[in-house]
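Asks: Quick one: sequence and predicted model below, then my questions.
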Amino acid sequence: MPYLAAIEIEPAQPATAAIIWLHGLGADGHDFAPIVPELRLPKHLAVRFIFPHAPSIPVTINNGWVMPAWYDILAMDIDRKVDEVQLRASASAIHQLIEREIERGIDSRRILLAGFSQGGAVNYEAALSYDKPLGGLLALSTYFATASSVQPHPANRQLPIQVYHGSLDPVVPPALGQNSLTSLRAMGYQPDFQSYPMEHALCPEQISHIGSWIRARLDPKP
């Protein structure tokens, strides 16, 4: 089975957990790989990081230029008109990566999905529709593009969801992050939210918080 090309960072000991982390529009899997040491995760968590590369496709809002993208964005209005067929195809590709981790011996409940911007939109779809319980979803400066059409699977009704957003984000306005929270809560999820005084990026304080969130998901002992 052909899988998405990806950067993989292995732990010092055999992996017992995995994080699949998706980049944003125009980037690639290298974008967030340097963050791994900054998360300061304990070695005993034995986390394998997987940073997939999106395929290169024409993107309408960028004059049809070909670039790495998880799906086409057709209009940059507040509701983000996107190609949902492409987005779901990307979510299906993430499901394949999850299945590969399970085949490698990782319990699905020790698999986390993280995504920035476009990658976060894909992972909303991928995580909520997946048919085995996952360990958590990390939504970074993103939006819930398929909130009105996603088919949530009962296996992830209790999925821990952490949403982070920049209060100064000019690319994905904070209102879109808030809309995601509203949609999730209407579906019965209980997402946590935190904002930072930043634009469309990550900041050191947030990276520290991400590390703490991962530890809480994978090593919840007091």
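Replies: That came through fine.

Asks: Over the helix ranked longest in the chain, what's the mean pLDDT, rounded is fine.
Replies: Using DSSP state H to define each element, the chain has its longest helix at helix 84-103. Averaging pLDDT along helix 84-103 gives 98.

Asks: gap between it and the chain center?
Replies: 12 Å (CA atoms, centre = their mean, to the nearest Å).

Asks: Tell me which strands the very next helix or strand once past that helix pairs with, and in which orientation.
Replies: For helix 84-103, the following helix or strand on the C-terminal side (DSSP states H and E) is strand 111-116. Taking DSSP bridges as the criterion, strand 111-116 forms sheet pairs with strand 17-22 (parallel), strand 136-140 (parallel).

Asks: in the helix or strand following strand 111-116, what's buried?
Replies: Later in the chain than strand 111-116, the nearest helix or strand by DSSP H and E is helix 118-129. Using 16 or more other CB atoms under 10 Å as the test for burial, helix 118-129 gives Gln118, Gly119, Gly120, Ala121, Val122, Asn123, Tyr124, Glu125, Ala126, Ala127, Leu128, Ser129. In this view, the C-beta of every residue, glycine as well, is placed from N, C-alpha and C.

Asks: one step back: looking at the strands paired with strand 111-116, which is nearest to Ala69?
Replies: Of all the strands paired with strand 111-116, strand 17-22 sits nearest to Ala69, with 11.3 Å by CB to CB.

Asks: Contacts for the closest one, please.
Replies: 32, 45-52, 54, 70, 94, 97-98, 101, 106, 110-116, 118-120, 122-123, 135, 214, 218 (CB atoms under 8 Å, 6 or more residues apart in numbering).

Asks: Much appreciated, bye for now.
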